[in-house]
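1. Generate a structure from the sequence data that follows.
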Amino acid sequence: MNTERRWIIFDLGKVLLDFDFAIAAKELARYSPQEEEQILESINQSPLLHTFERGDWSEAQFFQKLSVECRLEASLEELKKGFAEIFTPVPSMVGFMESLKERGIPVMVFSNTNVTAVDYIRAAFPFFERFDAYCLSYEHGCMKPDTTLYEVAQLMTRCKPENLLFLDDRAENVHAARQMGWHAIHHQAPKETIQGVNQWLDA
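-> A predicted model of the protein is given here:
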């Protein structure tokens with residue numbers, strides 16, 4: 001068994017929290033003459049969203065640009081609420097993360113995300129405060145699968161790459177982790193991911 005310190009690094013969306021941008025599109029459509037489908041195109045993994053998640057725009061700048069593109073007539077607080085309330089926890093994965101903490105295994109959130117989402121998640125889901133480190137795209141000016149962000153995450157752990165195990169639902173992000181020398185699991189179902197993590201920890 002490897003006795004060196006090991007980290008489990010979690011993607012956030014679709015791993016610990018499910019999310020659905022269609023919920024935001026429906027809510028934001030209340031403030032716009034546009035159809036929900038048009039608004040969804042503007043916020044679901046769009047160039048507009050990715051610019052925000054790289055930290056190139058402030059929160060106010062993003063919502064100003066979104067308001068112009070989607071013809072939204074609402075306050076900043078209304079827009080933030082409509083945009084952010086799209087998450088539901090994945091109980092089995094959250095519980096597993098908590099069990100790792102109880103075993104003394106350090107855990108990190110490594111996510112492409114934005115300040116509005118993180119502020120909402122921090123307030124709504126207490127488990128978010130339990131991580132030992134956070135590597136969030138908007139704080140570092142780049143996004144997965146850019147290996148620059150992986151380098152930042154690895155520096156935070158002060159570990160060798162072979163002592164890092166990364167869980168992500170997107171194949172390109174898993175591939176980038178393996179290029180860095182990390183171990184990685186392409187997350188598709190909680191049962192298989194949890195089994196894979198435990199096997200790695202026991203090896």
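
2. For this structure, which segments are assigned as helices?
-> 21-28, 36-43, 47-53, 59-70, 76-84, 91-102, 115-124, 137-140, 147-157, 171-179, 190-202 (DSSP state H).

3. Relative to residue 5, which of those helices is closest?
-> The closest of the helices of the chain to residue 5 is helix 147-157. By CB to CB, the value is 8.3 Å. C-beta here means a position set from N, CA and C on the backbone, and glycine is covered the same way.

4. what about the helices of the chain, which gets the closest to residue 130?
-> helix 91-102 (5.8 Å).

5. and that closest one, what does it pack onto?
-> Under the contact definition 3 or more CB pairs under 8 Å, 6 or more residues apart in numbering; DSSP states H and E, helix 91-102 sits against strand 7-10, strand 107-111, helix 190-202.

6. how far away is residue 132 from residue 184?
-> 19 Å (CB to CB, to the nearest Å).

7. what about those two, which has more around it?
-> Comparing residue 132 with residue 184 by other CB atoms under 10 Å, the one with more neighbours is residue 184, at 21 against 14.

8. That one and residue 157: what is the separation?
-> Counting by CB to CB - residue 184 and residue 157 are separated by 14 Å.

9. returning to that earlier point: which one of the helices of the chain lies closest to residue 15?
-> Nearest to residue 15, of all the helices of the chain, is helix 91-102, at 6.0 Å by CB to CB.
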